[in-house]
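Enquirer: heads up, no residue letters with this:
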Ligand code: FAD
């Protein structure tokens with residue numbers, strides 16, 4: 001069986017950037033992607049998310065940024081990725097869902113069902129979309145209404161005439177409330193912490209500070225926080241109607257879920273038909289469990305993009321690089337890390 005110098009898992013922004021930089025360095029590799037076609041997680045984003053709604057998608061290396069500001073993000077970005085893969089002739093295989101990566105002596109073996117790939121190094125670029133985070137609240141199992149996570153947001157029509165609780169203090173909660181509040185019978189927005197509103201335009205210094213904070217967590221081996229969620233919230237024109245309806249009046253988290261609603265800290269029950277959990281995602285890294293990369297603090301400790309517990313492994317799109325711009329840079333750094341490992345091995349062989 002062929003031994004690759006590198007296997008990249010995932011063909012979102014992070015995986016494509018890594019593959020581009022590996023190719024530039026002449027490092028033979030393959031990219032394994034679980035999806036049926038190009039686009040990474042963007043393929044699965046809800047239909048009402050336009051390119052105008054997203055914070056900005058960085059151009060992939062050596063490419064222009066995707067255009068079409070009023071286009072649907074789940075169409076524009078997949079088309080952009082597809083063109084990119086073709087233009088650079090990137091070696092993407094799909095659909096291949098990796099279920100585990102194991103160590104075999106000096107090598108790593110990547111398994112997907114009954115198929116496997118042997119490699120000297122690994123670049124993991126599996127994002128977070130497949131790991132929606134649903135916090136536990138007492139009574140959740142007895143709720144008679146519907147509970148869903150943003151990962152399966154069906155569009156605003158689904159909520160017409162309903163009483164909807166939206167949970168979560170990030171940009172997704174703000175956007176979804178903007179769509180739901182004008183058609184719902186009523187909405188209740190609950191968050192654990194007081195939301196942080198941005199009063200001015202996006203401030204790059206605040207963005208950099210947010211990334212530095214997550215970088216520091218990952219350097220210490222702590223579970224990463226979301227970079228895209230810590231840059232402050234802003235209301236845009238498309239949220240004006242919801243704002244006039246009072247949808248952005250934030251309430252503290254409910255204390256428990258009752259069969260017909262949620263019990264607020266003051267003891268009152270707010271009757272609800274739907275609870276929408278806009279509570280974020282976690283890194284999709286379960287397939288790496290056999291490599292024992294996690295630190296005692298519960299996260300994977302990284303030095304740059306290199307796993308401290310096993311320097312053959314690079315993680316991109318993880319922690320501080322979980323944004324399109326971060327993913328781009330991480331791909332470049334990871335390719336350098338792979339090259340450094342391969343060079344070291346060659347020197348030791350001599
Ligand atoms: P993804 O795009 O998730 O790609 C991961 C790929 O890995 C997928 O193709 C998937 O099929 C594959 N995969 C997963 N598991 C496996 C497996 N086991 N085996 C094989 N393949 C696997 N960032 C911005 O910069 N601007 C924004 O406006 C913005 N908006 C966002 C809005 C939402 C709702 C969310 C959730 C995130 C947003 N982000 C934004 C973050 C951004 O989308 C990602 O951080 C960025 O695109 C990097 O993606 P990625 O390559 O790490 O992951």
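Expert: Everything's here; your move. Remember, predicted model here, so these are calculated numbers, not experimental data.
Enquirer: In the sheet, which residues pair with residue 256? Tell me.
Expert: Beta-bridge partners of residue 256, counted by DSSP bridges, are residue 263.
Enquirer: Up against the ligand, what does the stretch 51-200 of the chain have?
Expert: Applying C-beta under 6 Å from any ligand atom, we find that the stretch 51-200 of the chain lies next to the ligand at 54-57, 96-98, 125-127, 129-130, 172. The C-beta positions use only the backbone N, C-alpha and C, and glycine is treated the same way.
Enquirer: repeat that for 5 Å
Expert: 54, 55, 97, 98, 126, 127, 129 (C-beta under 5 Å from any ligand atom).
Enquirer: Out of these, who's the most crowded?
Expert: If you count neighbours using other C-beta atoms under 10 Å, the busiest of these is residue 126, which has 31 neighbours.
Enquirer: Please, where are all the helices along the stretch 151-300 of the chain?
Expert: Taking DSSP state H, counting those that start in this stretch as the test, the helices found in the stretch 151-300 of the chain are 171-180, 204-219, 240-244.
Enquirer: In strands, which of the residues of the stretch 51-200 of the chain next to the ligand fall?
Expert: Of those, none are assigned to strands by DSSP state E.
Enquirer: Now flag whichever of the residues you listed is closest to the ligand.
Expert: For those, the closest approach to the ligand (C-beta to the nearest ligand atom) belongs to residue 127, at 2.3 Å.
Enquirer: That closest one against residue 10, yeah?
Expert: Yes. Residue 127 is in contact with residue 10 according to C-beta atoms under 8 Å; the separation is 6.2 Å.
Enquirer: where do the contact lists of these two overlap?
Expert: The contact sets of residue 127 and residue 10 overlap at 40, 317 (C-beta atoms under 8 Å, 6 or more residues apart in numbering).
Enquirer: Give me the neighbour count for residue 340.
Expert: Count around residue 340 with other C-beta under 10 Å applied: 13.
Enquirer: before we move on, back to that, single out the most deeply packed of the helices of the stretch 151-300 of the chain.
Expert: Among the helices of the stretch 151-300 of the chain, helix 171-180 has the highest mean neighbour count (mean count of other C-beta atoms under 10 Å), at a mean of 24.
Enquirer: what's the spacing between that helix and its chain's center?
Expert: Distance, stretch centre to chain centre, for helix 171-180: 18 Å (C-alpha atoms, centre = their mean, to the nearest Å).
Enquirer: Which secondary structure elements does it sit against?
Expert: strand 163-167, strand 186-191, helix 240-244 (3 or more C-beta pairs under 8 Å, 6 or more residues apart in numbering; DSSP states H and E).
Enquirer: for the helices of the stretch 151-300 of the chain, which one sits closest to residue 141?
Expert: helix 171-180 (23.1 Å; C-beta to C-beta).
Enquirer: What lies in contact with the closest one?
Expert: Identification of contacts with helix 171-180 by C-beta under 8 Å, 6+ apart yields 48-49, 53, 55, 150, 153, 155-156, 159, 164, 166-167, 187, 189, 191, 228-229, 233, 235-236, 238-239, 241-243, 247-248, 276, 278, 280.
Enquirer: One more: stretch 263-274?
Expert: Stretch 263-274 is contacted from outside by 139, 145-148, 159, 162-165, 188, 251-258, 260-262, using C-beta under 8 Å, 6+ apart.
Enquirer: how far does it sit from the chain's center?
Expert: For stretch 263-274, the distance to the chain centre is 31 Å (C-alpha atoms, centre = their mean).
Enquirer: What are the buried residues along that stretch?
Expert: Buried residues in stretch 263-274, defined by neighbour count with 16 or more other C-beta atoms under 10 Å: 263, 264, 270, 272, 273, 274.
Enquirer: With stretch 274-293 instead?
Expert: For stretch 274-293, by 16+ other C-beta under 10 Å, it's 274-281, 283-285, 287-288, 291, 293.
Enquirer: Could you tell me the end-to-end distance of it?
Expert: Distance across stretch 274-293, first residue to last, is 38 Å (C-alpha to C-alpha, to the nearest Å).
Enquirer: before we move on, what about stretch 270-278?
Expert: 18 Å.
Enquirer: what sits against the residue nearest to residue 301 when sequence neighbours are not counted?
Expert: Counting by C-beta to C-beta, 6 or more residues apart in numbering, residue 301 lies nearest to residue 221, which is 3.3 Å off, once chain neighbours are set aside. By C-beta under 8 Å, 6+ apart, the contact set of residue 221 is 294, 295, 296, 297, 298, 299, 300, 301, 308.
Enquirer: Could you find the closest non-adjacent residue to the residue of the stretch 251-350 of the chain found nearest the ligand?
Expert: Nearest residue of the stretch 251-350 of the chain to the ligand: residue 317, at 2.2 Å (C-beta to the nearest ligand atom). Distances taken as C-beta to C-beta, 6+ apart place residue 14 nearest to residue 317, at 3.2 Å, with adjacent residues excluded.
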